[in-house]
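# Curious how this folds, go ahead:
(3 chains)
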Amino acid sequence: MRESLRMVLVLTVIAMVSAGVLSQVYQFTSPIIAENQAERMESGVFEVLENVDSVEFIDGPFVMFRAYDADGNPVGFAYAGEGSGYAGPVRVLVGVDHETKEVTGITVLEHTETPGLGTQIEEEDFRSQFVGKDTDDDIEIDTDIDNITGATQSARAVAQAVRENLSEAISIYEGENH
Amino acid sequence: MTRAKADFLRGLWNENPVFRLLIGLCPALGVTSTAINGIGMGLATSFVLLCSSTLISVIKNIIPAKVRIPSYIIIIATFVTIADLSMNAFAPELHRALGVFVPLIVVNCLVLGRSEAYASKMPVGLAAIDALGMGLGFTWALGALGGVRELLGTGELFHVQVMPAFFEPWGIMAAPPGAFLSLGFLVAIMNIISARMNKKTA
Amino acid sequence: MEFFLIFLGAVLVNNFVLVQFLGLCPLMGVSKQVETSVGMGMAVTFVMTVAAAVSWLIEHYILVPFEIEFLQTVAFILVIASMVQLVEMFLNKMSPSLYRSLGIFLPLITTNCAIMGMALLMVQEQYTFIQSVIFGIGAGVGFTIALVLLAGLREELDYADVPVPLKGAGIAFIIAGLLSVAFTGFGGLV
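The predicted model follows:
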């Protein structure tokens, strides 16, 4: 009996100490992690839109930012989209022009695709194909976006990520503007 | 050779976890698409190994034998989570690249294996030295594997182009099959070198 | 259809062992004979299915509501370790013959990263409960297929003239690599 009591006691103490230490570490690191992610997103906005001076977060079903130039005039918005790639989710940030509602640029935020093959989605040649697309376009691999040899799934994931949220993002942006 | 030195060197070559003991293989193959990822994973694993081995060796007399394994698992899982959170905060790029394999350090047979086989029986100093040797052995193995795959798969090393321009990267080396093939050949090369060394000393 | 895709994805396209690199330690250790491989595969599939269900419940009814997701790794590994224990005790009582054939593999399963990996991926992919269970079964079946295929090939190797440095582990990795090439061909399926 005394032995089993000791077993329970030791395990409980270890588990309590573990939970205590981890919650301390978590409280210390979580603001840094959140800041990192926000920073990454925001710096992405400067990549996908031109003449951006300041960025404002929009609350919604997915991450969105409104962007202004140095004079405070709106230049457009950026939204995050997600597609399922070869080895996991592919997350992209898409910039859209304020006037024309055309895609101004995309950047890949996160992916776990195969180096050398799937990583080609990060290259300028591939990303630039999305520039000028709007809701009237298919935005689909092998129709208006060229495939990447050996990385069809990765390319499809990017197209999916851009396509799926585009019209909803536009209506959120316009709804917020009026 | 003193005991400590032998304990340290063992993990680096004769009992190298990846090439010799064939343990900790999942991260060894899963994250070694580049040299940097391999080394990062190796260092993260070394951190967990060193911390948990030392702690387990310190408290080995307090833990009743019957709940030994669950206790070790909790201790290891705690250090893994600390490594996971800290990497996410201070090395986000690397954390993203290693993905699910960071929390998976918890089931790396290397960590639990050393805790059970060595740290639970040895004094703290030796346990720490053993963990350090094994960790570094794991790190160089992952770095080497990552280096070979990065070099042949993309023509780069540490993200710097090193192969001449006419070199056509072997896409397969970067893809999953390349991991198995590279490891198979590296194990064979290790065997050849060891056989040579044994011949000389004999 | 969607369930079928998740299943097929886990079995073939993203085969846990050959494409995702999970569960490699038992792969190299156990895959010397077809018979033991089948036993190991069955044990893993069983634990995986149960672990998928329990981990899902823990994630959605304990970790998320109390905002303690950072304890995920600790919680999941404990779930898996206790699942393995329970399965072992249960089998011992209910079906001693099955216990005898699977028994020796059960303790090994705790450190099989395929199971932990499955639990983590299931959360990452935001699967529903049913989807998670199907994903667990698929991952187990995928593991079994890879294990049995490799074991079959390694049995034949006994009669092959393999260069000395490659004998044992070396050639096994190269065979696994070739199997992995074959599984890459499933990439277009889903």
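
# drop to CA atoms for contacts and neighbour counts, all remaining ones
Fine.

# Which of the three states applies to B:Val58?
helix (DSSP: H, G, I helix; E, B strand; the rest coil).

# Now do the contacts for it.
B:Val58 is in contact with B:Pro123, B:Val124, counting by Cα atoms under 8 Å, 6 or more residues apart in numbering or on different chains.

# what do you get for B:Gly40?
B:Leu94, B:Thr139.

# pLDDT value on it, please?
The confidence metric pLDDT takes the value 92 at B:Gly40.

# did I read that right, it in a strand?
No. If the criterion is three-state DSSP, then B:Gly40 is helix and not within a strand.

# where exactly do the helices run in chain B?
Assigned helices in chain B, in chain order: B:3-12, B:25-30, B:35-59, B:68-90, B:92-98, B:109-114, B:124-154, B:171-174, B:176-201 (criterion: DSSP state H).

# The strand of greatest length in chain A pairs with which strands?
Counting by DSSP state E, the longest strand found in chain A is strand A:74-84. Using DSSP bridges, strand A:74-84 pairs in its sheet with strand A:64-68 (antiparallel), strand A:89-97 (antiparallel).

# and these, which is most packed in?
Sort the strands paired with strand A:74-84 by mean neighbour count, taking mean count of other Cα atoms under 10 Å in any protein chain shown, and strand A:89-97 sits at the top with a mean of 26.

# May I have that strand as PDB, with CA atoms only?
Only the C-alpha atoms of strand A:89-97 are listed here, as PDB (Å, rounded to 0.1, in the frame of the first residue of the first chain):
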ATOM      1  CA  PRO A  89      -1.200  23.200 -45.900                       C
ATOM      2  CA  VAL A  90       0.100  26.000 -48.100                       C
ATOM      3  CA  ARG A  91      -0.700  29.500 -46.800                       C
ATOM      4  CA  VAL A  92      -0.500  32.600 -49.100                       C
ATOM      5  CA  LEU A  93      -1.100  36.300 -48.700                       C
ATOM      6  CA  VAL A  94      -2.800  37.900 -51.700                       C
ATOM      7  CA  GLY A  95      -2.800  41.700 -52.400                       C
ATOM      8  CA  VAL A  96      -5.800  43.200 -54.200                       C
ATOM      9  CA  ASP A  97      -6.000  46.700 -55.700                       C
END
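
# quick one: contacts of the next helix or strand after that strand?
Downstream of strand A:89-97, the first helix or strand assigned by DSSP states H and E is strand A:103-110. Residues external to strand A:103-110 that are found in contact with it (Cα under 8 Å, 6+ apart): A:40-41, A:44, A:47-49, A:89-97, A:121-122, A:127-128, A:130-134, B:96.

# now strand A:103-110 against strand A:89-97, angle please.
Interaxial angle of strand A:103-110 relative to strand A:89-97 (axes from the mean of the first three to the mean of the last three Cα atoms, to 10 degrees): 160 degrees.

# quick one: the lowest-mean-pLDDT helix or strand in chain B to chain centroid distance?
Within chain B, no helix or strand scores below helix B:171-174, which has a mean of 78 by mean pLDDT, DSSP states H and E. Taking the mean of its C-alpha atoms, helix B:171-174 sits 22 Å from the chain's own mean (Cα atoms, centre = their mean, to the nearest Å).

# Is it positioned near chain A?
Yes. On the criterion Cα under 8 Å from any Cα of the partner chain, helix B:171-174 is in touch with chain A at B:Gly171, B:Ala174.

# Would you quantify the distance from C:Phe90 to C:Pro96?
9 Å (Cα to Cα, to the nearest Å).

# got a list of what the residue in chain A that chain B sits nearest to touches?
Using Cα to the nearest Cα, the closest approach of chain A to chain B is made by A:Ile33 at 4.6 Å. Applying Cα under 8 Å, 6+ apart to A:Ile33 gives the contacts B:Asn88, B:Ala89.

# host element of it?
Here A:Ile33, judged by DSSP H and E, is contained in helix A:2-48.

# What parts of chain A come near chain C?
So chain A meets chain C at A:Ala19, A:Leu22, A:Ser23, A:Tyr26, A:Ala87 (Cα under 8 Å from any Cα).

# Same check on chain B?
So far as Cα under 8 Å from any Cα goes, chain B lies against chain C at B:22-27, B:29-30, B:70, B:73-74, B:77-78, B:80-81, B:100, B:103-104, B:106-109, B:176-181, B:183-189, B:191-192.

# does any part of the lengthiest helix in chain C sit near chain A?
In chain C, assigned by DSSP H, the helix with the most residues is helix C:129-157. No. Using Cα under 8 Å from any Cα, helix C:129-157 never reaches chain A; the gap is at least 14.5 Å.

# List the buried residues for that helix?
Judged by neighbour count (16 or more other Cα atoms under 10 Å in any protein chain shown), helix C:129-157 contains these buried residues: C:129, C:131-148, C:150-154, C:157.

# Would you mind listing the buried residues in the next helix or strand after it?
Counting by DSSP H and E, the next helix or strand C-terminal to helix C:129-157 is helix C:169-184. By neighbour count on 16+ other Cα under 10 Å, the buried set for helix C:169-184 is C:169-181, C:183-184.

# Return the residues in contact with whichever residue of chain A sits closest to chain C.
Distances between chain A and chain C by Cα to the nearest Cα are smallest at A:Tyr26, namely 6.9 Å. A:Tyr26 makes contacts with B:Leu85, C:Phe70, as judged by Cα under 8 Å, 6+ apart.

# Could I get the pLDDT score of it?
So A:Tyr26 comes in at 92 (pLDDT).

# Just put the strands paired with strand A:74-84 in JSON lines and tack on mean pLDDT.
Shown next, in JSON lines, are the strands paired with strand A:74-84 (pLDDT from 0 to 100):
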{"stretch": "strand A:64-68", "mean pLDDT": "87"}
{"stretch": "strand A:89-97", "mean pLDDT": "88"}
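
# secondary structure element for A:Leu166?
Here A:Leu166 is assigned to helix A:152-177, by DSSP H and E.

# Let me know the angle separating that helix from strand A:89-97.
Using the same axes, to 10 degrees: helix A:152-177 against strand A:89-97 is 40 degrees.

# so does helix A:152-177 get close to chain B?
No. Using Cα under 8 Å from any Cα, helix A:152-177 never reaches chain B; the gap is at least 13.3 Å.

# buried sites along that helix?
Buried residues in helix A:152-177, counted by 16+ other Cα under 10 Å: A:152-163, A:165-166, A:169-170, A:173.

# Counting by contacts, list what it packs against.
The contact analysis (3 or more Cα pairs under 8 Å, 6 or more residues apart in numbering or on different chains; DSSP states H and E) places helix A:152-177 against strand A:74-84, strand A:89-97.
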